[in-house]
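In: When you get a sec, could you give me coordinates for this:
(chains A and B)
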Amino acid sequence: MLRYIMSITAQDRPGIIAGISEALLHLSGNIEAASQTVHQGYFAMIILCSLPEPVPAEELAGRIRQTAGQDLHVYVTPYEPNTFQTDPAAQTFIVTAVGPDRPGILHALSACLAQRQVNITDHYARVENGDFVVICQVSVPPCLDIFSLQADLEATGKKLGFSAQMQHENIFVAINELRFGAVR
Amino acid sequence: MLRTEEILSTIRMLQTEHLDVRTVTMGIDLNDCAAGDDKLLCRKVAEKITTRAARLVEVCQMVSNKYKIPIVNKRLAVSPVSLLLEGRGAAAALDIARTLDDSAARVGIDLIGGFTALVERGQTPGQKLLIQSLSQVLSQTARVCSSINVATTKTGINMNAVRDMGYVIKDIAQATSSQNSFGCAKLVVFANIPPDNPFMAGAYLGAGQGDCVLNIGVSGPGVVMSALQRARRLGNPTLGELAEQIKLTAFRVTRVGELIGREVADALDIPFGIVDLSLAPTPQVGDSVGEILNVLGISAIGGPGSTAALAMLNDAVKKGGLFASSSVGGLSGAFIPVLEDAALADAVRQGHLCLEKLEAMSSVCSVGLDMLLIPGDTDAATISAIIADEMAIGVINNKTTAARLIPAVGKKPGDMVEFGGLFGGGPVMPVRNIGSAARFIASGGQIPAPIRSLNN
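Out: You can find the predicted model right below:
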């Protein structure tokens, strides 16, 4: 069993996933995990699949494009387990930022987080009427001083003319989700 | 990840719609401080308060930062001080009050409630002492708040106590005349006082609530108003649909309170009590219950429709809160404190909102005739009669009602008084038919408990 990670980008249309999965099925492959989004009219997907026989990465990409469409941009690499492990005691916070759009915002925020080894585990951004919105789900290790990180993010925002803040995810869960234990 | 629109709407509630945790109130039972010697009693009271509440402000700050939600007030509520006064001399009341005042200051707390007596049928010596000391205590301490329960649905109304409270309120007004009779803003007269209300001035630690407990008051008239404005912008909602919107918003606001409350309680290692979801306005623009009535379609608050609109608001708030938490308590509804709500104060100033209509509105919402300025020369019997009316509403309808009346010395109807901060300001309200209940009040006695069936 050999596993591959592939990422596919294309202008969105019906039939992309049907084509990809058909190509993998012809190779007796099994899709073990997948995640997909459509953003600004483009389809993007990441797949973990396993094949019974090894196939060179470039050839695998070619086969997918042959079946699913030459309009697909396909990148394939053999899967290797990640050596970077999230600290099991890490807590999830949500960083939000809004303000007038300009170059450098995402870089400023993400650099601020990276400097403290805070990993962004999910992310969303959009621009509307000249204003941007950024939401980052981040994983904060327990040893980190969250108050100084909050202060840093707020200061970063101030320097570039936008507002940024970080809050523990519990508040969003408590307000929006109907689930047992939402307010502990 | 959580849905992005939910995250953004949560941020909006916190940042622009004035969602906050209005109060974190630590209840502390002082009955184990009883001692033969007054000085020893005061030392034990001081020690218990300063020990239990030592980290209250600091922990609130930490949890507030974690969620970027302001915790506006940190307060204390103690067991009825009248219990500590049994068997003591007159000086003990002021000594204990000063001890409460100092202890609160030492732990960074601005108001401490519980200078309380429950006198729905009669008064014990300790309770008499407490009531007699009120004008001294409320003029000579800054932080102490008092509540006197004069009626319950099961017992009826103690009209002797109601008669006494008219005089007491006048005395307090006189003793604090240099501060526009502000002492009266620290006293609430209740029917059916709740044992777990976290809001001042009526907070006290009721019997059976434990030795130390944390109660939370959330608020959010601004959040409710914004949600209703959005609903109106998007279409033509009916009153039922608006009620649904209020309910959903109340749900969210209550969840915030419970989350914050439980974390503060855990961090302090004390039991979590209740979350009181009350729409408690502040004088700040956009933080008004009156404005909610405007958005519901009542252009003159105090005019026809005001009671119905408020009834709908109060009920929807309770329903949303009840689903959000299994620990809802206190008052949990809409407050109409005139001085603390810019739109209500303005409605009085313009002549739309009168005392009689406020009384009617109090029958369908939480609290009652709250933070009301009345003319300084209103006689004690009339003040007692106003209180009696409010107590009757509570007793007959099996709900909490209260009166916090401020007969500001030297002020006449229409005069403006400004207390500032969260206490706000507003006009003195006229009182009609002054003196017409003199004989009724002078009769004293007990208005009996009402029948509970045949309730038409």
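
In: helices or strands next to whatever helix or strand residue B:222 lives in in the packing?
Out: Element membership of residue B:222 [criterion: DSSP states H and E] is helix B:221-234. Contact analysis of helix B:221-234 by 3 or more CB pairs under 8 Å, 6 or more residues apart in numbering or on different chains; DSSP states H and E lists helix B:4-15, helix B:239-268, helix B:289-296 as its packing neighbours. C-beta here means a position set from N, CA and C on the backbone, and glycine is covered the same way.

In: Kindly present these as CSV, with separate columns for mean neighbour count, mean pLDDT and distance to chain A.
Out: As requested, the helices and strands packed on helix B:221-234 are exported to CSV (neighbours: other CB atoms under 10 Å in any protein chain shown; pLDDT from 0 to 100; distance: least, CB to the nearest CB, whole Å):
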stretch, mean neighbour count, mean pLDDT, distance to chain A
helix B:4-15, 18, 88, 4
helix B:239-268, 22, 95, 4
helix B:289-296, 23, 96, 20
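
In: export the ones you listed to JSON lines and tack on distance to residue A:126?
Out: Listed next are the helices and strands packed on helix B:221-234 as JSON lines, based on distance: least, CB to CB, whole Å:
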{"stretch": "helix B:4-15", "distance to residue A:126": "8"}
{"stretch": "helix B:239-268", "distance to residue A:126": "24"}
{"stretch": "helix B:289-296", "distance to residue A:126": "30"}
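
In: The ones you listed: which one's closest to residue B:110?
Out: With CB to CB as the criterion, residue B:110 lies closest to helix B:239-268 of those, at 17.2 Å.

In: what inclination does the closest one have with respect to helix B:289-296?
Out: 150 degrees (axes from the mean of the first three to the mean of the last three CA atoms, to 10 degrees).

In: For helix B:239-268, what is the distance to the chain centroid?
Out: 19 Å (CA atoms, centre = their mean, to the nearest Å).

In: by how many degrees do whatever helix or strand comes next after it and helix B:239-268 diverge?
Out: Later in the chain than helix B:239-268, the nearest helix or strand by DSSP H and E is strand B:272-277. Angle, strand B:272-277 to helix B:239-268, by the same axes, to 10 degrees: 150 degrees.

In: what residue ranges in chain A score low on pLDDT?
Out: A:184 (pLDDT under 70).

In: please redo it, this time with the cut-off set to 80
Out: A:1, A:179-184 (pLDDT under 80).

In: And the helices in it?
Out: Secondary structure of chain A (DSSP state H): helices located at A:16-26, A:57-68, A:105-115, A:146-160, A:170-176.

In: what do you get for the stretch 51-200 of chain B?
Out: Remark: helices assigned in the stretch 51-200 of chain B by DSSP state H, counting those that start in this stretch are B:56-67, B:81-85, B:91-106, B:125-140, B:159-175.

In: Give the bridge partners for the residue nearest the centre of chain A, please.
Out: Closest residue to the average C-alpha location of chain A: residue A:122 at 4.7 Å, with CA atoms, centre = their mean. Residue A:122 has these beta-bridge partners by DSSP bridges: residue A:137.

In: just checking, it touches residue A:134?
Out: No. Counting by CB atoms under 8 Å, residue A:122 stays clear of residue A:134, with 11.8 Å between them.

In: Out of the helices of chain A, which is closest to chain B?
Out: Nearest of those to chain B, taken as CB to the nearest CB: helix A:170-176 at 4.2 Å.

In: mind listing what the residue located most distally from the centre of chain A touches?
Out: Note on chain A: the largest C-alpha distance from the chain mean falls to residue A:53, namely 29.4 Å (CA atoms, centre = their mean). Applying CB atoms under 8 Å, 6 or more residues apart in numbering or on different chains to residue A:53 gives the contacts A:2, A:27.

In: before we move on, what about residue B:366?
Out: By CB under 8 Å, 6+ apart, the contact list for residue B:366 reads B:278, B:314, B:331, B:332, B:333, B:334, B:335, B:400.

In: follow-up on the earlier one: need the contact partners of the helix holding residue B:222.
Out: B:12-13, B:16-19, B:237, B:241-242, B:245-246, B:248-250, B:252-253, B:279-281, B:286-289, B:291-292, B:295-296, B:313, B:317, B:334.

In: Look through the stretch 301-450 of chain B and state the residue closest to chain A.
Out: Residue nearest to chain A within the stretch 301-450 of chain B (CB to the nearest CB): residue B:325, separated by 7.3 Å.

In: list the contacts for the residue lying closest to that residue once chain neighbours are set aside?
Out: What sits nearest to residue B:325 in space, not counting adjacent residues and going by CB to CB, 6 or more residues apart in numbering or on different chains, is residue B:258, at 4.7 Å. By CB under 8 Å, 6+ apart, the contact set of residue B:258 is A:174, A:183, B:216, B:275, B:324, B:325, B:327.

In: Show the contacting residues for the last one.
Out: For residue B:327, the residues meeting the contact criterion (CB under 8 Å, 6+ apart) are B:258, B:272, B:273, B:274, B:275.

In: what about the third one, distance to chain A?
Out: By that I understand residue B:273. 14 Å (CB to the nearest CB, to the nearest Å).

In: Could you do the last one as well?
Out: For residue B:275, the distance to chain A (CB to the nearest CB) stands at 9 Å.

In: Residue B:84 reaches residue B:29, doesn't it?
Out: No. Using CB under 8 Å, residue B:84 is not in contact with residue B:29, being 10.9 Å away.
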